[in-house]
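> let me see the structure of the following:
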Amino acid sequence: MRILQLIDSLDAGGAERMAVNYANALSETIALSAMVVTRKEGVLKNELSDKVPYLFLQRKKTIDVQSIKALLQFVKKHQIEWIHAHGSSFFIASLLKILYPKIKLVWHDHNGNRVKIKMRENTLLAICSYLFNAVITVNRELQTWAEKNLHSKKIAYLPNFTRNNGKEEKATILQGNPEKRIVCLANLRHPKNHVTLIAAFHATKLAAEGWTLHLVGKDNFDDYSGKVKEIIRQYGLTDSVFILDSKSDVYHILSQASIGVLSSTYEGFPVTLLEYGLSKLAVVASNVGYCPEVITDSEDGFLFNPLNAEQLSGKLLVLAKNEALREKFGDSLYKSVGEKFSQQSVIATYLNLIN
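A predicted model of the protein is given here:
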């Protein structure tokens, strides 16, 4: 098979990581695995395998004739059979299919909040779905939504998977005590709920004991980012809470931490939790989206209400004070991720779906 992954950017987000993971994993399995990025490159470009043919379209507007022409030429040159469009890239993929009907199109929905979005905001998606040969969703709630609202005959849930692509430069060195670091791997944007996390960390008073909190994710320097930084200043945590922006050496960063936190108010399928698991971190995660399917509360991590800073601070305190529990959670999650969310099983199911 010859499959192309299509994504709008390569910033360090969940959908983007999955596009790279699929491209790299398939490059080891099928005749050709390619990647096309439509609007913006980013740190994840460095993680692409050398085996993956790559094109950046530099798309500037919704209907960009030059970008569509370049995509069509790339598809023909590499004899692509399937386009695997992630997230909002479904539109340019649909335009391509209209121009080149022999291509097959699978759309991958990563938006865990889609079920709460009014249908009129998904009108274009619903229309384009007549062109989809298959739809993949990252959780069963999204699968149910797609079966009700979209027009593809094949709709399936596939869990995300993670892999260490082995191309990290290991450049980032975290500040603080190596045994007392908490990390949150999430872009600085509203649903990631950093303010609650910072409030909870402040309430624990762990900073006075040498613990540090590291926020790793794209900083858009917008109102949300400004609010997060202001909260850090108000709590007097500028020497204990650090914003690192996007980084490509994720596993190197996680290897320097003891606790991983995900405080989102909603999630589709949290790739971050899989990365924490492979890094054997003790995890505290919000009980939203698919997080409870990855984390079994009190067995391989803690779950909490993302709107309850007091609950989160209590979980953080328990883990910070109990090294043996941290090791137990880390080992348990590592084993669970390997058994339930392995690359091999997901890719096998995926190829069976689109065959």
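
> where exactly do the strands run in the stretch 1-150 of the chain?
Taking DSSP state E, counting those that start in this stretch as the test, the strands found in the stretch 1-150 of the chain are 2-9, 32-40, 54-56, 82-86, 104-109, 134-137.

> what's the mean pLDDT across the lengthiest helix in the chain?
The longest helix of the chain (DSSP state H) is helix 323-340. Taken as a whole, helix 323-340 has an average pLDDT of 95.

> and the contacts of that helix?
With contact meaning C-beta atoms under 8 Å, 6 or more residues apart in numbering, helix 323-340 is reached by 159, 162, 258-259, 273-274, 276-283, 294-296, 299-302, 318-319. Every C-beta, even on glycine, is put in place using the N, C-alpha and C of the backbone.

> now the strands of the stretch 1-150 of the chain in a markdown table, with mean neighbour count and distance to residue 353?
Shown next, in a markdown table, are those (neighbours: other C-beta atoms under 10 Å; distance: least, C-beta to C-beta, whole Å):
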| stretch | mean neighbour count | distance to residue 353 |
| --- | --- | --- |
| strand 2-9 | 24 | 12 |
| strand 32-40 | 22 | 16 |
| strand 54-56 | 17 | 25 |
| strand 82-86 | 25 | 11 |
| strand 104-109 | 23 | 8 |
| strand 134-137 | 24 | 6 |
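
> of all those strands, which lies closest to residue 92?
When the strands of the stretch 1-150 of the chain are compared by C-beta to C-beta, strand 32-40 sits nearest residue 92, at 5.8 Å.

> now the angle from that closest one to strand 82-86?
40 degrees (axes from the mean of the first three to the mean of the last three C-alpha atoms, to 10 degrees).

> just the CA trace of strand 32-40, in PDB.
In PDB, the C-alpha atoms belonging to strand 32-40 read as follows (Å, rounded to 0.1, in the frame of the first residue of the first chain):
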ATOM      1  CA  LEU A  32       5.400   3.800   0.800                       C
ATOM      2  CA  SER A  33       4.500   6.100   3.600                       C
ATOM      3  CA  ALA A  34       4.500   9.900   2.900                       C
ATOM      4  CA  MET A  35       3.700  13.100   4.700                       C
ATOM      5  CA  VAL A  36       2.300  16.400   3.500                       C
ATOM      6  CA  VAL A  37       2.000  19.500   5.700                       C
ATOM      7  CA  THR A  38      -0.400  22.100   4.400                       C
ATOM      8  CA  ARG A  39       0.000  25.400   6.400                       C
ATOM      9  CA  LYS A  40       2.900  25.400   9.000                       C
END
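
> by contact count, what packs against that strand?
strand 2-9, helix 14-27, strand 54-56, helix 65-77 (3 or more C-beta pairs under 8 Å, 6 or more residues apart in numbering; DSSP states H and E).

> closest one to residue 148 among those?
It is, among these and with distance given as C-beta to C-beta, helix 14-27, at 22.0 Å.

> which outside residues touch that closest one?
3, 5-7, 9-10, 33-35, 42, 44, 47-49, 51-52, 84, 86-87, 108, 110, 160-163, 165, 268-272, 343, 347, 350.

> which parts of the stretch 251-355 of the chain are strands?
259-262, 282-286, 302-304.

> give me the sheet partners of the shortest one and which way each runs.
Strands adjacent to strand 302-304 in the sheet, as given by DSSP bridges, are strand 282-286 (parallel).

> which residues touch the partner strand?
193, 258-265, 267, 270, 273, 276-277, 291, 294-295, 300-306, 312, 315-316, 319, 325-327, 329-330, 333.

> got any ranges where this structure has weak pLDDT?
165-168 (pLDDT under 70).

> mind listing the helices for it?
Under DSSP H, the chain gives helices at 14-27, 65-77, 90-99, 123-128, 140-149, 194-204, 223-234, 250-254, 271-278, 291-294, 309-321, 323-340, 343-354.

> could you export those as CSV, including distance to residue 114 and mean neighbour count?
Below are those laid out as CSV (distance: least, C-beta to C-beta, whole Å; neighbours: other C-beta atoms under 10 Å):
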stretch, distance to residue 114, mean neighbour count
helix 14-27, 12, 24
helix 65-77, 25, 16
helix 90-99, 12, 20
helix 123-128, 9, 16
helix 140-149, 6, 17
helix 194-204, 22, 22
helix 223-234, 21, 15
helix 250-254, 26, 21
helix 271-278, 17, 25
helix 291-294, 17, 20
helix 309-321, 26, 19
helix 323-340, 24, 16
helix 343-354, 20, 15
